[in-house]
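Colleague: Please work out how this folds:
(4 chains)
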Number of protein chains: 2
Amino acid sequence: MDIKLKQQASAITDLTFDLLRCCEAKEKLFAKDHGLKVAEFRCLRIIEAGKTYSVQELATNMHLSPSRLTRIIDGLFAEKLVDRVQSIEDRRFAKISLTGKGQTLVGKLKEEYAELHGEMLKDISTDQRDKIYEGISLMGELVSDWLVKNS
Amino acid sequence: MDIKLKQQASAITDLTFDLLRCCEAKEKLFAKDHGLKVAEFRCLRIIEAGKTYSVQELATNMHLSPSRLTRIIDGLFAEKLVDRVQSIEDRRFAKISLTGKGQTLVGKLKEEYAELHGEMLKDISTDQRDKIYEGISLMGELVSDWLVKNS
DNA sequence: TCCTTTTCTTTGCCAAAGGCAAGAATATTG
DNA sequence: CAATATTCTTGCCTTTGGCAAAGAAAAGGA
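Modeller: The predicted structure is shown next:
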């Protein structure tokens, strides 16, 4: 039993390791093709149109430090993709949101990034896609929970 | 049908995106805990004891440029974890391999990294672990194939 | 053989990514 | 009001990474 766990853990360790490298390469290519820095793409992708976010929210979400986020937002602000206003209720907070231009871009990015994945997934069966969904969903939760406990 | 693909692609896009962030954080933590730079950990992990590798092989494997690899190997060499000798058959090639110290370390790293994943996986069923394995395995191949075609 | 071309690695240089510690501004609490 | 805590930004540093040129070696002509 325990041996079974060990084998599975080892196999999954290797697979996630490889998947990670590939997905990083994929993100880098995609961002470059759209004239964005990888960090900018990653940040834009998690900002929903109409919502506002504090620096800390974004930092936590992206697993980065607040100071790093300040810099990323600086870049997006300079390109007029996001607005940054001081919160009125608590003026320590920044309220970051997408500009009109930002919303248009993010819409396009999401669309095209999903298309890219559609391209990858188009030649396998619906069932297999479900298996991918299920597997990655399970793994994502486990890793996320583990991070909460261990950092 | 096509709508189904679109939905699945979109869902999988989001999931892999989140998984990627979490796994990066996980790698960073693990490397730090073992006194290694992330790039060093990633490099060491793909070098098998007793085998030799060219710079290019490692670069391709890690999806990095040869020049970047030279630097990573410089670091590992300075710590006496890898050997770097000129190939005798073709003296343009470097032959990179683990030193004794490197083998010991890599053995420990692999063991402990698998243990870490074992810790994450221990509370779910064998079946669910198989689902994770299957899903990530499928996805890994798809992304890898896509990269070959698109870069 | 000698010259050109190709291949593999390294080096110099630069950009991007990211964190830490200190500071500024604002809230909160005693 | 004074002390403390929170939020963000800034300065400074490390790490990560690539490109282009240079070196060194092999392979191919003529």
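
Colleague: Neighbours of residue A:106, how many?
Modeller: 20 (other CB atoms under 10 Å in any protein chain shown). Quick note: C-beta positions are derived from backbone N, CA and C, even for glycine.

Colleague: buried stuff in the strand or helix carrying it?
Modeller: In the assignment (DSSP states H and E), residue A:106 maps to helix A:100-121. Residues of helix A:100-121 classed as buried by neighbour count (16 or more other CB atoms under 10 Å in any protein chain shown): A:102, A:103, A:105, A:106, A:109, A:113, A:114, A:116, A:117, A:118, A:120, A:121.

Colleague: With respect to DNA strand C, which of those residues is nearest?
Modeller: residue A:109 (14.6 Å; CB to the nearest atom of the strand).

Colleague: ok, the next helix or strand after the helix holding residue A:106 near chain B or not?
Modeller: As assigned by DSSP H and E, the chain's next helix or strand after helix A:100-121 is helix A:126-149. Yes - counting by CB under 8 Å from any CB of the partner chain, chain B is contacted by helix A:126-149 at A:126, A:128-140, A:142-147.

Colleague: Now do helix A:126-149, average pLDDT.
Modeller: Here helix A:126-149 scores 96 as its mean pLDDT.

Colleague: residue ranges with poor pLDDT in chain A?
Modeller: Low-confidence segments of chain A, defined by pLDDT under 70, span residues A:1.

Colleague: Can you name the residues of it that neighbour DNA strand C?
Modeller: With the criterion set to CB under 7 Å from any atom of the strand, chain A comes near DNA strand C through A:31, A:37-40, A:63-65, A:67-68, A:71-72, A:89-92.

Colleague: from these, which are also near chain B?
Modeller: Contacts with chain B within the residues of chain A next to DNA strand C, as defined by CB under 8 Å from any CB: residue A:63.

Colleague: filter the residues of chain A next to DNA strand C to the buried ones?
Modeller: When those are checked for burial by 16+ other CB under 10 Å, the buried set is A:31, A:39, A:40, A:64, A:72.

Colleague: Tell me which residues touch the last one, please.
Modeller: Put plainly, it is residue A:72. A:39, A:40, A:43, A:64 (CB atoms under 8 Å, 6 or more residues apart in numbering or on different chains).

Colleague: List phi and psi for residue A:51.
Modeller: When quoted as degrees, to the nearest 10, the phi and psi of residue A:51 stand at phi -90, psi 160.

Colleague: Next one: it from residue B:31, what distance?
Modeller: To residue B:31, residue A:51 is 34 Å away according to CB to CB, to the nearest Å.

Colleague: Give the burial count for residue A:62, as a bare number.
Modeller: 19.

Colleague: Hmm, residue A:44 and it touching each other?
Modeller: No - using CB atoms under 8 Å, residue A:62 is not in contact with residue A:44; the gap is 10.9 Å.

Colleague: can you state the direction angle for the top helix by length along chain A and helix B:100-121?
Modeller: If you go by DSSP state H, chain A has its longest helix at helix A:2-33. Calculated by axes from the mean of the first three to the mean of the last three CA atoms, to 10 degrees, helix A:2-33 forms an angle of 100 degrees with helix B:100-121.

Colleague: Okay, buried residues for helix A:2-33 please.
Modeller: Applying 16+ other CB under 10 Å to helix A:2-33 flags A:5-6, A:8-27, A:29-31 as buried.

Colleague: contacting residues for residue A:107?
Modeller: Residue A:107 neighbours (CB under 8 Å, 6+ apart): residue A:49.

Colleague: Quick check: which element contains the residue nearest the centre of chain A?
Modeller: Centroid check for chain A by CA atoms, centre = their mean gives residue A:42 as the closest residue, at 5.0 Å. Using DSSP H and E, residue A:42 sits within helix A:38-46.
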